[in-house]
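Asker: Structure for this input, please:
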Amino acid sequence: MANLKEIRNRITSVSSTMQITSAMKMVSAAKLKKAQDAITAMRPYAEKLTELLQNLSATLDGDVGGDFTTQREVKKVLLVAITSNRGLCGAFNTNVIKEAKARSEFYAGKQVDIFPIGKKGNDVLAKTHKVHGHHNAIFDHLTFDNVAAIADNLTEKFLSGEYDRIELIYNQFKNAATQIVQVEQFLPLAPIKSDVPVSTGDYIFEPSKEEIVLTLIPKSLKTQLYKGIRDSFASEHGARMTAMHKATDNATELRNQLKLTYNKARQAAITNEILEIVGGAEALKG
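Answerer: Presented below is the predicted three-dimensional model:
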């Protein structure tokens, strides 16, 4: 009967775990809807801003990006690794951390530092790299203004010559089950490459095109970082919802197997008791 008691305890434990994972799945599904709506609504703005910047830059001669486009010899690199503050979301954080380490190896022989956004990335990468503080609280109040402050900090590190290249590493949201790890060059601004013909109309610009471009570049950088964090935020909830869905399915399957094992063991125990009773009765008759 001790064996039956152990199986009953396991069934209770698995059922409790299944309830937790099921609840976490529903919470992540609700949060995913809000995060998905936010990134879906933002993408057209970010794409239009990039298109506007491309159209203006293509009609200007020479280097109009100023210090933002300065191509220096790459000696010091800063990797902005965007992860989450919590786990239980499958390979979401692991993929970003792996990519950050791969980029670090790519820049072997150069100074590579990490600018972590998210507790999970900070905890792991701080063991092997120099990190610039932690920026975990951003997910508690994820607004454009809060992200803009981080973007200004990154921009200042590049303009001051502290770093020669800054890259973003994050999970791009595709759907609840699919997140794609992206590596984007943040600074210096990469040369504009587009197969789409630039539309040039007869416009009167006030102030000049150069001033407009130099005003748009900082705004574009802030938008790029905000979109990356928003993408990562939506991807996190999608990954967690998928992971908890799989965990719930696995727990259900394990519980059913344990119940079958329990019933077989109980049936065998009852059969043995009956045989003992019958055997005892036959012995008395004899």
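
Asker: how about low-confidence regions in the stretch 101-250 of the chain?
Answerer: Low-confidence regions of the stretch 101-250 of the chain, defined here as pLDDT under 70, cover residues 191-203.

Asker: Counting by contacts, list what the helix or strand hosting residue 101 packs against.
Answerer: Secondary-structure assignment from DSSP states H and E places residue 101 in helix 92-106. Applying 3 or more CB pairs under 8 Å, 6 or more residues apart in numbering; DSSP states H and E, we find helix 92-106 packed against strand 76-82, strand 111-117, helix 119-125, strand 165-175, strand 178-187, helix 209-285. C-beta here means a position set from N, CA and C on the backbone, and glycine is covered the same way.

Asker: cutoff 6 Å now
Answerer: When contacts are defined as 3 or more CB pairs under 6 Å, 6 or more residues apart in numbering; DSSP states H and E, helix 92-106 sits against strand 76-82, helix 119-125, strand 165-175.

Asker: Can you tell me what sits against the following helix or strand past the second one?
Answerer: Under the assignment DSSP H and E, the closest C-terminal helix or strand after helix 119-125 is helix 144-159. With contact meaning CB atoms under 6 Å, 6 or more residues apart in numbering, helix 144-159 is reached by 67, 138, 163, 166, 187, 221, 222, 225, 226, 229.

Asker: which parts of helix 144-159 are buried?
Answerer: 146, 147, 148, 150, 151, 154, 155, 157, 158 (16 or more other CB atoms under 10 Å).

Asker: what angle separates it from strand 76-82?
Answerer: Between helix 144-159 and strand 76-82, the angle comes out at 160 degrees (axes from the mean of the first three to the mean of the last three CA atoms, to 10 degrees).

Asker: so how far is helix 144-159 from its chain's centroid?
Answerer: Distance, stretch centre to chain centre, for helix 144-159: 20 Å (CA atoms, centre = their mean, to the nearest Å).

Asker: what is the orientation angle of that helix with strand 178-187?
Answerer: Here helix 144-159 runs at an angle of 50 degrees relative to strand 178-187 (the same axes, to 10 degrees).

Asker: From residue 220, how far out is residue 280?
Answerer: 89 Å (CB to CB, to the nearest Å).

Asker: Which residue of those two possesses the greater neighbour count?
Answerer: Regarding residue 280 and residue 220, a neighbour count based on other CB atoms under 10 Å identifies residue 220 as having more, with 19 against 10.

Asker: For residue 9, see how far away the more buried one is.
Answerer: Per CB to CB, residue 220 is found 58 Å from residue 9.

Asker: Also residue 32?
Answerer: Distance, residue 32 to residue 9, using CB to CB: 34 Å.

Asker: ok, now residue 137?
Answerer: As judged by CB to CB, residue 137 and residue 9 stand 41 Å apart.

Asker: One more: residue 229?
Answerer: Taking CB to CB as the measure, residue 229 falls 44 Å from residue 9.

Asker: quick one, which of those two is more surrounded?
Answerer: For residue 229 versus residue 9, the count of surrounding residues by other CB under 10 Å is larger for residue 229: 25 against 11.

Asker: need the contact list for the more buried one.
Answerer: For residue 229, counting by CB under 6 Å, 6+ apart, the contacting residues are 82, 147.

Asker: Let's see that with 7 Å instead.
Answerer: Listed by CB atoms under 7 Å, 6 or more residues apart in numbering, the contact set of residue 229 reads 82, 117, 138, 142, 147.

Asker: okay if I get the residues you listed as TSV plus distance to residue 253?
Answerer: As requested, the contacts of residue 229 are arranged in TSV below (distance: CB to CB, whole Å):
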residue	distance to residue 253
82	34
117	37
138	38
142	36
147	42
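
Asker: Tell me what residue 178 is bridged to.
Answerer: residue 175 (DSSP bridges).

Asker: separation between it and residue 266?
Answerer: Residue 178 sits 44 Å away from residue 266 when distances are taken as CB to CB.

Asker: Now do the same contact list for residue 220.
Answerer: Per CB under 7 Å, 6+ apart, neighbours of residue 220: 49, 50, 53.

Asker: That concludes my questions; thank you for your assistance.
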